Each structure stands twice: as structure tokens, then as C-alpha cells.
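*Asks:* below is the sequence, then the predicted model.
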Amino acid sequence: MKIKNLNLKEIKIYILFFFTLILSVTGQFLLYNHLIFGLLPFIIACILFIILEIKNEKEIKNITEKINIKIEIFLFLIIFLLGIFYRIYDLKNTPPGFFQDEALASLDALGILHGEKVLFQETSLPVYIKGQVDNPALILYLVVFIFKFFGIGIEQARVASAVIPGILAIPAFYFLARYLFGQRFALIGTFLFSVMRWHIIYSRFFFHASFCVFIIILFLYFFIKSYKERKWLDFILMGFLLGLTQHTYQPVKMIFLWILIFYLYVYLKEKKFLKENYKKIITAFLIAFIVILPLVIHIKKDYKDYFKRIKLLSIFNKDNPENFINGRYSFIKVLFNNTAKTLLMFNFKGDENVRHNYSNKPMLDFITGIFAFFGLGSILIKILTPVPFFLISFFIVSLLGSILNVAAPHATRSIMAIPVIIIFATYFIEKNYLFLNKSKKHIKDVFDIFVIGVLVCCAVLNYRDYFTGYGEQPDLWESFASDQRNAAEYLISLGDNWQAITAHEYGIQYYKSAPFNFVMKSRNKKNYECFELHKHIPVKLQDEKNYVFIFPVGYETMVDLLKKIYPEGIYKPVYKKYNEKFLSHFYFEIKNSSIKNPLIDDIKSGLTGYYYNGEKWQGKLMDKKNDYFVFIHNDPAKITNICSIKWKGKIIAKQEGFYHFQGESEDDVYWDILIDGELLAISPASPGKIYDRKKVFLKQGIHKIEIRCSSYRDIQKMKMFWMPPGASEPPVLVPSEVFIPE
């Protein structure tokens with residue numbers, strides 16, 4: 001029977017196919033808003049597609065396609081250039097700032113470049129980065145190379161560590177996909193890979209993930225090639241790349257588990273492979289061991305330190321409160337929850353970290369998410385054959401980094417899944433191509449147009465989600481420490497005749513201040529010092545320079561006092577980009593002439609501070625002075641012999657209500673607050689405590705106040721912030737003008 005050149009069987013198949021497609025689109029749309037309502041039609045559609053494929057498998061399994069090599073090269077180059085564009089466009093501004101981990105790693109690269117010992121190491125040539133970054137150091141040497149020949153800076157660091165590996169991953173993926181499934185598959189898959197938001201994010205800021213994806217793709221290529229072709233060269237390169245994977249990013253440790261699983265499958269499926277190639281396999285592992293050896297030596301020396309962070313972030317850690325459900329630790333429940341979250345990260349809800357993802361969106365765009373789901377289902381029905389088992393087993397193992405992490409779903413720790421998930425999505429498109437291969441030419445032409453349209457939509461969706469979505473998230477400015485980068489670049493722009501007085505968060509704090517310090521070091525500038533209350537209010541003039549106070553949000557209450565002392569000073573607030581209602585940081589510029597003539601004599605505000613060399617306000621009274629703010633923040637190397645402090649005076653409560661006082665201190669500091677002789681707030685010393693907030697009710701008027709702090713050693717830090725009634729987050733330094741000294 002013929003209807004418009006189609007037989008009845010073809011018509012039924014096309015109707016079922018389009019019904020399946022509509023059902024899947026509906027499911028994905030609903031899944032964005034509701035898990036159950038979306039997942040149900042999604043699963044039904046996937047089952048229908050698998051049934052459709054099984055019924056037609058015999059007709060399509062032996063059909064292959066050929067593309068003229070010149071056309072293939074031309075199309076690949078267009079895709080490659082598109083991928084480069086997505087990774088370098090507006091790199092200076094997106095992402096903004098320079099996140100602390102980026103800055104710390106860049107400072108380590110500077111140490112290597114200058115032959116200095118890197119942080120927490122006894123060498124200038126580390127194999128592993130300790131501290132907060134806590135990852136292999138290999139990528140630093142590419143950064144050092146770029147610094148050496150192309151200058152030192154934020155863009156250079158990101159290009160070396162993320163952009164270059166991200167770009168190189170595109171041709172690497174192309175050859176992997178081409179080897180597995182052919183030319184057309186490779187072109188379509190590489191397009192999806194090139195515009196993939198998930199990969200683009202990690203290809204634009206300094207982290208180990210981009211480098212990891214590049215090396216993993218190369219490893220997968222030579223691994224499957226060594227299995228299929230069984231040549232010595234492929235085994236040698238596979239072994240070298242296996243060793244190299246361990247110098248990329250922590251989750252790649254799981255790759256050994258995957259190799260064991262795959263070779264166990266091969267043993268059951270094809271025993272002669274291991275018998276005929278065991279020498280090549282042993283050689284590959286010996287080469288891998290040689291490449292890993294420097295890392296092995298490091299691990300042997302610092303075993304506990306190496307596994308410290310892994311243990312800390314693991315769901316096996318019973319001490320981590322994030323592993324508790326309803327107040328109890330339950331490994332099975334945590335494992336189940338994390339597995340569900342990780343499997344749903346592609347289509348339902350992705351990583352919540354603002355640096356890793358855009359607004360909790362699924363890690364895949366709307367279209368790629370549908371195709372990947374169907375492609376996975378299609379490949380699953382062939383899991384007992386080598387290539388599908390190769391892909392699915394690797395996919396499962398690649399997700400363990402997220403599943404076993406307390407912060408699931410975790411886009412970074414599941415980064416190895418990227419190439420495989422794109423292969424799944426492309427496989428769905430390719431199966432439809434193969435299915436339509438026997439159809440009339442006009443049907444195939446329509447499908448060609450459909451695929452091209454779909455790919456263009458994917459490119460547009462990912463461009464929108466990254467450049468106008470992810471890149472303009474209100475919280476991204478703060479998350480990437482943009483205030484520190486902005487502040488450092490502003491100070492440099494003022495010139496060498498300006499000296500900055502900065503918050504310790506910008507100056508000397510190991511982790512927090514890294515972005516500011518890197519920018520200053522990259523320009524070889526040292527014209528800044530950390531704020532000390534009695535040294536800088538008023539400023540003790542030491543030279544003929546102008547001065548600028550540079551502080552983050554929370555310290556803006558200092559400005560009123562500075563304006564009284566330096567009426568000609570200029571206050572310059574800087575607001576968060578894309579969230580301009582909120583202050584990011586501020587500058588207060590003071591010319592040299594004003595520094596010489598501070599109007600300080602008539603200012604009577606603050607509290608009277610009593611400084612003791614013993615705990616609990618005992619021992620010798622070392623000093624008594626008027627403190628405009630409760631503000632102590634010393635360099636850890638500075639010895640003061642001050643173990644306890646008592647600030648006394650009065651506080652003006654302009655309105656009745658609850659006042660939230662927040663102390664910032666070291667975790668060995670006890671502090672409390674007395675109002676009108678009554679102890680109303682107590683913050684005991686506690687391991688890990690830095691910030692502690694207490695609520696105090698005050699009636700309108702003037703009250704006696706006493707703020708006390710004590711430690712068994714020198715007090716390095718004690719600051720008091722507050723939020724009066726009706727104020728919004730964050731707390732600000734308690735202003736000088738609400739205090740009256742004794």
C-alpha cells in the first residue's frame with residue numbers, strides 16, 4: 001500500500017517517531033519545573049524509541065556514510081573556529097574577577113617562574129599543589145611557560161590553564177568520535193561539544209578541569225584503539241596518557257577502577273585478547289607507573305595531607321554534617337540521594353555552585369539533554385558489545401566523583417563524563433540518520449535541515465546561557481572575587497605616588513587576599529599596607545605620597561569618621577556588577593596635603609580600650625587608649641603580648657529592637673558583651689569558629705557597654721560588626737559615632 005510514495009509501515013514508523021519526539025520535548029519542558037511530571041513522559045518516550053530501534057535494527061546496522069575528505073576538513077574547521085570563539089570571546093570580562101583558587105595557583109606559578117619555594121612546599125618545582133588548591137601541579141608549568149614568553153596576568157593564566165586545553169579538546173574529541181562512529185557522527189558530535197556550556201565554563205577560568213577533559217579524551221582514544229587494533233604504539237601511548245591523567249585532577253583516580261572493570265569484561269567476552277596482548281598491557285602500565293612516579297613519591301611523603309581533602313569531602317566521612325539526614329548519618333541514604341542528584345544533573349537540576357553552573361540549570365541545554373537521554377537508552381540495549389560497554393562503564397565511573405562527594409551534584413568532579421555524554425547525544429541523532437537512510441531523498445533532506453536547525457539552536461541556547469546568563473549572574477561578581485581584582489587594578493591605575501591602606505582581606509590573608517596580591521605582583525607593585533587602627537586613623541605620614549583606603553563591603557561605616565578627619569577626602573563606592581543595589585567595596589582617596597592636617601582633635605567617639613598581658617583581663621595593663629572601632633587584626637608574625645582586651649564606654653541605640661552583633665575572631669578567642677552591667681552575649685572559644693553572631697535587645701537611648709575578648713595567646717584578630725533593627729545583610733563594622741568613650 002502506497003500513500004504519497006510511503007508504504008504503511010513507514011508511515012506508522014514516522015508517526016511513532018514524531019510522537020516519541022513530541023513526548024520527549026514535553027517531558028524535558030516539564031522536567032525543568034517538576035521532577036515526576038517531567039520524568040514520566042521522558043521515560044515513556046525513551047522506551048518507545050528503544051522499541052522502535054529494536055524493530056528496525058536489522059535494516060540499519062550495516063549502513064555507513066562517506067563524506068568527501070575536503071568537505072570534512074572544511075566543516076571541521078568551521079566547527080573548530082566556532083569552538084575557539086566560544087572559549088576566547090570577551091575573556092577579559094567573563095568570568096569577572098579572579099577566584100581565590102585561580103589566584104593561589106597563579107602565585108605558585110610565579111614562584112616556579114622565579115625559582116622560589118612555592119607555598120607549603122620545600123621546592124620550587126612541585127609535582128603537587130598543596131593548600132586550598134590541592135591538585136597536581138603539571139598544568140602550572142604550562143602557565144609558567146606562558147608567563148615567561150607572553151607576560152604575567154589574569155588572561156595569560158586562564159589562557160594557559162583552561163583556554164588552550166579547552167580548545168585542544170575539540171580536535172581530540174573529533175578524532176575519538178570519528179574513530180568510534182565515523183565522519184558524520186564526528187562532525188555533529190564535535191559541534192555539540194564545541195558549544196557545550198558545561199565545557200565552555202571550565203575552558204575559561206584557571207582550574208584543572210579543562211586540562212583533565214583534554215587528557216581524558218586522548219586517553220580514551222588510544223585505549224579503545226589499543227583494544228581494537230592491538231598495535232604496540234597504541235598501547236605505549238595509552239600507557240603514557242594513563243599516567244598523565246593522574247597529573248590532571250583528583251577524580252581521575254577512578255580511572256583505574258574503570259580499567260579493571262573493562263578488562264574484566266574483556267576477559268569474560270574475549271579471553272584471547274588478554275592472552276595475546278598481556279605483554280603490551282604490562283608495558284603500558286609500566287609506562288604509566290613511570291609517568292606517575294613523581295606523584296607517587298610525593299604521596300608517600302605526604303600521605304595524610306594528600307588524602308585529607310578527599311576524606312573531608314567524602315560521603316564516607318561521618319564527621320561531615322552534610323552527610324547527615326534528619327540528624328543521623330546514614331551512608332545508604334546519602335549514597336542514594338547523591339546518585340539520584342548526579343543522574344538528574346543533566347536534565348533536571350545541575351550544580352548549585354555559581355562558578356560551576358548557571359543558576360542551577362541542568363548541565364546540558366534543552367536539546368542536548370533530550371538527545372543524550374535517548375542516546376544513553378539506545379546504547380544501553382547493546383551494553384554487552386565492546387564499544388557500548390566501553391562508553392557506559394566509563395560514564396558510570398566518571399560520575400563517582402560526584403556521587404561520593406558531599407556536594408552532589410558536582411559538575412567539576414564529574415567532569416570526565418563530558419565527552420561520553422556528548423557521544424550519547426550524537427548517537428541518538430546518528431541512529432535517526434541511519435534509520436532514514438533507506439527513505440526517499442526528500443525525507444532525508446528534510447531531516448538534514450532539521451539537524452542543522454537543531455545544532456544552530458544548541459549553539460544559540462548555549463551562547464545565551466553562558467554569555468548573557470552565566471556571565472551576568474548577580475552572585476558571580478562576588479564568587480570570582482571581582483572586588484579584589486577591581487581594587488588592585490584601580491590602585492595600579494592611580495600610579496606609584498599613591499599608597500593604599502587595605503583591609504586584611506586584601507592584604508595578607510593567605511586565601512582571601514590571593515587575587516589582590518596576584519594582580520599586584522603581576523605588575524611588580526608593592527604600594528599597599530594593611531590597616532592598623534592607631535597607625536592609620538589618622539594616617540601617620542611617612543613620605544610625600546597620597547593615600548587611599550581600600551575596603552570591602554562591611555567596612556563602609558568607617559567612611560563617616562574618615563570624612564570628619566579628612567573633609568577633602570573623596571569617597572568612591574563600587575557596586576556589584578549586575579547587582580548594582582549592593583555595595584562591593586569602596587575607596588577613600590586622601591591627598592598628601594590633607595594627610596598633613598587631619599581634623600582629629602574635636603572627634604570624641606569610640607570606646608576606651610584596656611589591653612592586658614594575661615587572660616580574662618588579668619595581669620599587667622599594657623595599654624589604655626581610645627579606639628574608634630572594635631578592630632584588632634594583626635599580622636600572625638607580630639608579637640604584642642596582649643592576651644585580653646576590654647572596651648568600655650556607652651552605646652547610642654537610636655531605636656528600640658534587636659541588635660545583631662557579629663564578632664570576627666580566631667577560633668581560640670572568647671568574647672562577650674555586657675549592656676548596663678548585664679552579660680547579654682557570650683561567644684566561647686570553639687574550634688573552627690571565625691564568625692559568631694549574637695542577638696541583643698536594646699531600648700532606645702544611651703546604655704553602658706562593655707565588649708571583652710580573651711585568649712590563651714596573643715590576640716591576632718577581634719572585630720565587632722552589627723546589624724541594627726531593620727538593617728539588611730551583611731553586618732557592618734559598628735560605627736564609631738554610636739560609641740562614647742569613658
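*Replies:* Noted; the coordinates are in hand.

*Asks:* how about residue 521, what does it touch?
*Replies:* 107, 110, 152 (CB atoms under 8 Å, 6 or more residues apart in numbering). Quick note: C-beta positions are derived from backbone N, CA and C, even for glycine.

*Asks:* just the ones of these in strands?
*Replies:* Applying DSSP state E to those, no entry is found in strands.

*Asks:* ok, so of those, who is nearest residue 702?
*Replies:* residue 107 (48.6 Å; CB to CB).

*Asks:* quick one: that closest one from residue 141, how far?
*Replies:* Computed as CB to CB, to the nearest Å, the residue 107 to residue 141 distance reads 15 Å.

*Asks:* ok, these two, which is more surrounded?
*Replies:* It is residue 107, of residue 107 and residue 141, that has more neighbours when counted by other CB atoms under 10 Å, with 19 against 15.

*Asks:* surely the more buried one touches residue 120?
*Replies:* No - contact criterion CB atoms under 8 Å: residue 107 and residue 120 do not qualify, at 11.7 Å.

*Asks:* tell me the contacts of residue 544?
*Replies:* 497, 592.

*Asks:* 7 Å instead?
*Replies:* residue 592 (CB atoms under 7 Å, 6 or more residues apart in numbering).

*Asks:* now it: phi and psi?
*Replies:* With angles defined as degrees, to the nearest 10, residue 544 sits at phi -100, psi 20.

*Asks:* give me the number of residues near residue 639?
*Replies:* 10.

*Asks:* actually residue 135, not the one I typed
*Replies:* 22.

*Asks:* what of residue 183?
*Replies:* Residue 183 has 20 nearby residues by other CB under 10 Å.

*Asks:* is it in contact with residue 68, as I believe?
*Replies:* No - applying CB atoms under 7 Å as the test, residue 183 and residue 68 come out as separate, 9.4 Å apart.

*Asks:* quick check: buried residues in the longest strand seen in the chain?
*Replies:* Once the chain is assigned using DSSP E, the strand that runs over the most residues is strand 579-590. Under the neighbour-count criterion of 16 or more other CB atoms under 10 Å, strand 579-590 has 583-590 buried.

*Asks:* quick one: list the elements packing against it.
*Replies:* helix 482-494, strand 546-552, helix 558-565, strand 570-576 (3 or more CB pairs under 7 Å, 6 or more residues apart in numbering; DSSP states H and E).

*Asks:* what helices or strands is the first one leaning on?
*Replies:* The one in question is helix 482-494. Applying 3+ CB pairs under 7 Å, 6+ apart, we find helix 482-494 packed against helix 514-522, strand 546-552, strand 579-590.

*Asks:* likewise for the last one?
*Replies:* In terms of contacts (3+ CB pairs under 7 Å, 6+ apart), strand 570-576 is packed against strand 579-590.

*Asks:* off-centre distance for the following helix or strand past the strand it packs on?
*Replies:* The first helix or strand that comes after strand 579-590 along the chain, using DSSP states H and E, is helix 592-595. Centroid separation between helix 592-595 and its chain, computed with CA atoms, centre = their mean, to the nearest Å, is 43 Å.

*Asks:* spit out the contact partners of the closest residue to residue 577 other than its chain neighbours.
*Replies:* Sequence neighbours aside, residue 477 is the residue nearest to residue 577 in space, at 4.9 Å (criterion: CB to CB, 6 or more residues apart in numbering). Residue 477 sits next to 96-97, 576-579, 584 when contact means CB under 7 Å, 6+ apart.

*Asks:* for the helix or strand harbouring residue 477, the averaged confidence score.
*Replies:* Assigned by DSSP H and E, residue 477 falls within helix 476-479. Regarding helix 476-479, the rounded mean pLDDT is 93.

*Asks:* restricting to C-alpha, output that helix in CSV.
*Replies:* Coordinates of each C-alpha in helix 476-479 appear next as CSV, following Å, rounded to 0.1, in the frame of the first residue of the first chain:
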residue,chain,number,x,y,z
LEU,A,476,29.2,35.7,40.0
TRP,A,477,30.9,39.0,40.7
GLU,A,478,31.4,38.2,44.4
SER,A,479,32.1,34.5,43.8
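
*Asks:* so, low pLDDT: which residues of the stretch 51-200 of the chain?
*Replies:* 55-65 (pLDDT under 70).

*Asks:* please enumerate the strands of it.
*Replies:* Under the criterion DSSP state E, counting those that start in this stretch, strands of the stretch 51-200 of the chain are mapped to 128-129, 135-136.

*Asks:* using JSON lines, lay out the ones you listed together with distance to residue 570.
*Replies:* Shown next, in JSON lines, are those (distance: least, CB to CB, whole Å):
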{"stretch": "strand 128-129", "distance to residue 570": "41"}
{"stretch": "strand 135-136", "distance to residue 570": "43"}
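
*Asks:* ok so, going back, so can I have TSV of the helices and strands packed on strand 579-590 showing mean neighbour count and distance to residue 511?
*Replies:* Listed next are the helices and strands packed on strand 579-590 as TSV, based on neighbours: other CB atoms under 10 Å; distance: least, CB to CB, whole Å:
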stretch	mean neighbour count	distance to residue 511
helix 482-494	21	11
strand 546-552	22	14
helix 558-565	18	24
strand 570-576	15	21
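
*Asks:* nearest to residue 417, of these?
*Replies:* helix 482-494 (29.8 Å).

*Asks:* now do that closest one, average pLDDT.
*Replies:* On average, helix 482-494 scores 97.
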